[in-house]
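Chemist: turn this into a model:
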Amino acid sequence: MKARLILALSLLIPTLASAQVSVGSLKTNHLVEPQGISPDAAPVLSWVLSSKEHGTMQTAYQVSVSVGGRTVWDSGKVESDNSAFVKYEGPLAPDTRYAWSVKVWDNHGKSSKKASGSWSTGLRLEDWKAQWIGKVGDFTPFRLRGTMKPAKAVRRATAYISAHGFYYAYINGTKVGEDLLTPGWTSYNKRLQYQAYDVTKLLKSGENLVEATLAPGWYSSGMGYGDPAKRYRYGDEMFLIMQVNVEYADGTEDVLVSDDSWEMSPCEVTFAGIYDGETIDHTVKESWQPVEAYLLPCDKLVPTVNEPVRKRMSLKPVAVITTPKGEKVLDFGQNLVGWEKVRLQGFPGDTVRVRHAEVLDQDGNFYTVNLRQAKTTSTYVLAGGAAEEFEPDMTFYGFRYIKVEGVKGELNPDDFEAVVISSGFEDIGHFACSNETINQLQSNIEWSFHDNFVDVPTDCPQRDERLGWTGDAQVFFRTASFLGSVDTFFSKWLADLYADQREDGGMPRIIPDVFPDSKGRLFATGWADACTIIPWNHYQAYGDLGILEQQYPSMKAWVENCIARTKDTGWLMKGDDHYGDWLFWSKDNDRDGQSAVTSKELIAQCFYANSLRILSESATLLGNRRDAEYYGNILEKVRKAYMDEYVTPNGLVSSNTQTAYILALKFRMIPSVMNGRATERLVANIKAYKDHMTTGFLGTPYICEVLTDNGRSDVAYKLLLQKTCPSWIYPVSMGATTIWERWDSMKKDGSIPDNGMNSFNHYSFGAVGDWLYRSAVGIRETSPGYKTILIQPHVGGGFEWMEASTVTPYGKVYAKWTAVNDDLRTLEVEVPVNTTADVILPAYASRVMRCDDRSVKGSQQPGGLVKYSIGSGTYRFTVE
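Modeler: Predicted coordinates:
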């Protein structure tokens with residue numbers, strides 16, 4: 001009897017434990033245990049709840065923060081469901097480690113165990129004691145070294161490092177941190193990030209050798225397309241600043257710094273540039289000499305707020321090729337961003353060159369025409385003797401193929417690997433379906449996403465450009481935010497956008513701005529509007545009102561500039577050089593007007609109205625009623641002017657293009673009673689082009705969404721599955737492993753247009769991912785940050801199943817549907833704890849949709865739909 005009771009209790013205990021609410025994924029400022037955050041801004045704390053009970057909500061929390069075991073702030077038990085944006089209200093000091101814990105209570109009367117996290121603060125301006133050291137007027141990479149000698153036993157040591165150029169630092173031969181291409185790319189003239197690293201375990205008693213390698217990087221390689229002699233440099237110097245703050249075991253403190261006692265020497269990296277590549281010479285001998293110290297201010301130094309660049313993976317070659325021209329080529333099977341790592345053996349002075357390409361030409365030869373003036377070459381000089389390894393990590397390339405010159409005999413693929421890099425944010429999104437071609441499209445989207453998110457959102461990663469184009473970033477943001485945790489990535493980039501904005505509100509088309517003296521295209525709508533669209537979409541995706549607070553002055557300055565440039569509430573061009581619907585479909589030798597040209601003025605008016613709406617709604621959220629009303633009134637005038645100028649009573653929109661109708665519907669430029677006619681005209685236009693898109697960068701992201709929202713998912717699926725150019729599947733059929741810049745970057749016969757602008761890795765047209773995840777599978781937020789969720793699948797296209805998931809600030813949301821002949825059969829749903837969701841499904845006249853949780857009941861909705869309101873947990877809906 002006693003044994004049976006013990007057994008019964010042992011079986012019951014795991015059941016009780018599994019039902020208890022738990023807490024995890026603690027973050028500070030949206031990062032896991034960040035180091036060196038600002039000591040002047042209260043950090044935001046967040047956590048994620050887990051529970052197997054349906055409908056679990058947080059009802060209260062308690063946060064405790066301590067320094068060295070001493071409590072510095074305790075929130076007490078706070079009755080609130082807020083688990084994503086709790087602001088620390090205690091004191092802050094620089095160079096201090098804070099430990100924090102959280103306990104929560106739920107609506108089932110249960111509480112969690114405490115979960116713990118930490119953060120550390122960085123430096124204030126007056127805390128910097130180190131000197132800038134380096135050289136001026138010489139862009140050859142070099143090595144620095146010095147010594148640091150702690151006076152006593154070390155309890156904690158933090159290194160604070162930054163540079164003009166790329167740096168990698170080492171203590172006693174061990175690299176400091178895992179970050180790449182540090183300090184990252186910002187608007188260096190106004191903001192230069194420093195990194196903070198815990199180096200306690202790297203420091204030893206006595207003398208420590210501290211070294212650093214510097215290369216030009218984004219700072220002084222020369223950035224910008226066009227004449228290489230005119231590329232923009234932020235300066236002609238390469239400097240390092242490094243400071244190690246030490247807390248000794250007895251509680252005393254010390255500061256160890258870079259200064260004029262350090263030395264400088266040539267290093268094996270004899271050349272490095274963003275566009276042209278890197279040269280590594282193993283025959284170089286060190287030659288140390290005193291280094292100059294420079295009394296520069298530190299007022300531009302700011303903490304790093306985002307995840308730095310990291311190594312994602314390594315790939316081995318999938319094929320060794322000898323081209324018709326006799327070139328020795330390795331194929332890695334995937335267009336990627338990073339560099340090669342090679343093992344070579346030869347005689348002293350032997351030189352090997354590795355060149356990079358995205359594609360082979362029509363005849364199967366190595367193709368680099370589309371790289372324009374970028375040399376993209378690694379050069380390796382051997383010391384001779386044993387096998388030597390080379391890894392050019394002071395630059396990066398966009399490539400699938402490498403051509404190797406200088407290796408005798410056949411290439412051994414075991415001697416080569418591709419190192420893939422990207423910003424180190426977390427992958428949070430997933431999509432898959434029953435159509436393998438669309439799965440490859442999804443893979444292409446993901447690769448172009450990561451390949452072009454190397455500290456800034458670039459247009460392309462391979463040619464003499466690789467710049468932070470604002471228009472590309474804004475059209476892809478929603479896709480990016482579903483797939484990756486890019487909240488801090490964009491918070492940092494938006495700070496640079498604000499920093500580089502002109503005093504009159506004009507917005508550079510590229511951020512960071514490498515054309516600071518240019519007066520052109522500061523008012524290119526669709527590009528400049530990134531300053532309103534991205535903050536707004538960021539708030540919708542992540543729910544952090546702080547991004548609107550941070551960017552509101554920038555948003556307002558842009559809109560005020562637009563207002564000043566209007567006449568009778570219309571858009572006054574004043575010779576502004578707009579991009580329009582960039583790279584729309586156009587017909588060669590177009591003699592009968594088939595090319596889909598949309599009026600730039602019409603596009604400008606639509607984006608002007610959209611920015612007004614965003615600004616007005618943002619003002620409301622921020623409690624600025626006066627601005628909200630003022631910009632809302634102007635919005636109505638702008639929409640009326642649009643109707644008067646561009647829309648006929650029968651619903652014809654000027655230009656009569658797909659993009660014209662898409663923007664009219666997406667940005668609510670026409671009265672809702674006209675939506676049906678506008679949709680009909682859009683569908684008719686698509687049919688006129690034999691079920692093809694004709695849209696460019698500004699129309700393509702919204703086309704499927706607009707069709708679905710207006711009851712024509714069937715047409716959206718036709719566009720998705722269209723096999724011939726222009727379409728999303730056409731590049732896949734041509735063997736693409738990333739998204740192309742143009743619909744026809746490669747012709748059907750394998751020929752490649754030499755048009756001066758042809759990237760095979762360009763994420764903009766991959767913005768269709770947003771429709772796949774949020775419309776086709778049907779996962780959308782109905783309040784910022786997915787606090788409330790809508791799951792409404794749109795079945796079609798002959799798909800047998802489709803699934804998607806993303807990790808919201810509250811946890812994972814997931815949906816998967818199955819269908820037969822475009823008839824929904826099942827839907828599986830996972831709703832994160834501390835959120836609620838509405839599931840909206842078709843109502844069936846002769847069949848019943850049932851949920852495996854019998855307590856869930858549906859309610860009839862207009863349009864033949866049924867809504868099920870559910871709490872957290874997993875559910876399965878089945879058509880019976």
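
Chemist: quick one: the helices in the stretch 201-350 of the chain?
Modeler: 217-220 (DSSP state H, counting those that start in this stretch).

Chemist: list the contacts for the residue nearest to G206 when sequence neighbours are not counted?
Modeler: Nearest non-adjacent residue to G206, counting by Cβ to Cβ, 6 or more residues apart in numbering: K149, 6.5 Å away. For every residue, glycine as well, the C-beta is placed using N, CA and C. Residues counted as contacts of K149 (Cβ atoms under 8 Å, 6 or more residues apart in numbering) are 206-208, 256.

Chemist: one more time with 10 Å, if that's ok
Modeler: K149 makes contacts with 203-208, 254, 256, as judged by Cβ atoms under 10 Å, 6 or more residues apart in numbering.

Chemist: state the phi and psi torsions of it.
Modeler: phi -130, psi 100 (degrees, to the nearest 10).

Chemist: cool, and L827?
Modeler: Dihedral angles (degrees, to the nearest 10) for L827: phi -140, psi 120.

Chemist: what's across from G398 in the sheet?
Modeler: V337 (DSSP bridges).

Chemist: G593: how many residues sit nearby?
Modeler: By the measure other Cβ atoms under 10 Å, the count of residues near G593 is 8.

Chemist: just checking, it touches S655?
Modeler: No. With contacts counted by Cβ atoms under 10 Å, G593 stays clear of S655, the gap being 11.3 Å.

Chemist: poorly predicted segments of the chain, please.
Modeler: Applying pLDDT under 70 to the chain flags the ranges 1-19, 567-576, 845-846.

Chemist: distance of the residue nearest in space to the middle of the chain from L144?
Modeler: Centroid-nearest residue in the chain, with Cα atoms, centre = their mean: V486, separated by 4.7 Å. Per Cβ to Cβ, to the nearest Å, V486 is found 34 Å from L144.

Chemist: just the strands in the stretch 701-850 of the chain please.
Modeler: 779-781, 788-791, 801-808, 811-820, 823-831, 836-842, 849-851 (DSSP state E, counting those that start in this stretch).

Chemist: who are the packing partners of the fourth one?
Modeler: Where contact means 3 or more Cβ pairs under 10 Å, 6 or more residues apart in numbering; DSSP states H and E, strand 811-820 is packed against strand 44-50, strand 430-433, strand 779-781, strand 788-791, strand 801-808, strand 823-831, strand 836-842, strand 873-879.

Chemist: try it again with 8 Å
Modeler: strand 44-50, strand 779-781, strand 788-791, strand 801-808, strand 823-831 (3 or more Cβ pairs under 8 Å, 6 or more residues apart in numbering; DSSP states H and E).

Chemist: ok so, going back, I figured the residue nearest to the centre of the chain hits G424, correct?
Modeler: No. With contacts counted by Cβ atoms under 8 Å, V486 stays clear of G424, the gap being 11.3 Å.

Chemist: quick revisit: dump the strands of the stretch 701-850 of the chain to JSON lines, plus mean neighbour count.
Modeler: Below are the strands of the stretch 701-850 of the chain laid out as JSON lines (neighbours: other Cβ atoms under 10 Å):
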{"stretch": "strand 779-781", "mean neighbour count": "21"}
{"stretch": "strand 788-791", "mean neighbour count": "20"}
{"stretch": "strand 801-808", "mean neighbour count": "22"}
{"stretch": "strand 811-820", "mean neighbour count": "20"}
{"stretch": "strand 823-831", "mean neighbour count": "19"}
{"stretch": "strand 836-842", "mean neighbour count": "20"}
{"stretch": "strand 849-851", "mean neighbour count": "18"}
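
Chemist: using CSV, please lay out those strands together with distance to L45.
Modeler: Formatted as CSV, those follow (distance: least, Cβ to Cβ, whole Å):
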stretch, distance to L45
strand 779-781, 21
strand 788-791, 22
strand 801-808, 17
strand 811-820, 16
strand 823-831, 23
strand 836-842, 23
strand 849-851, 35
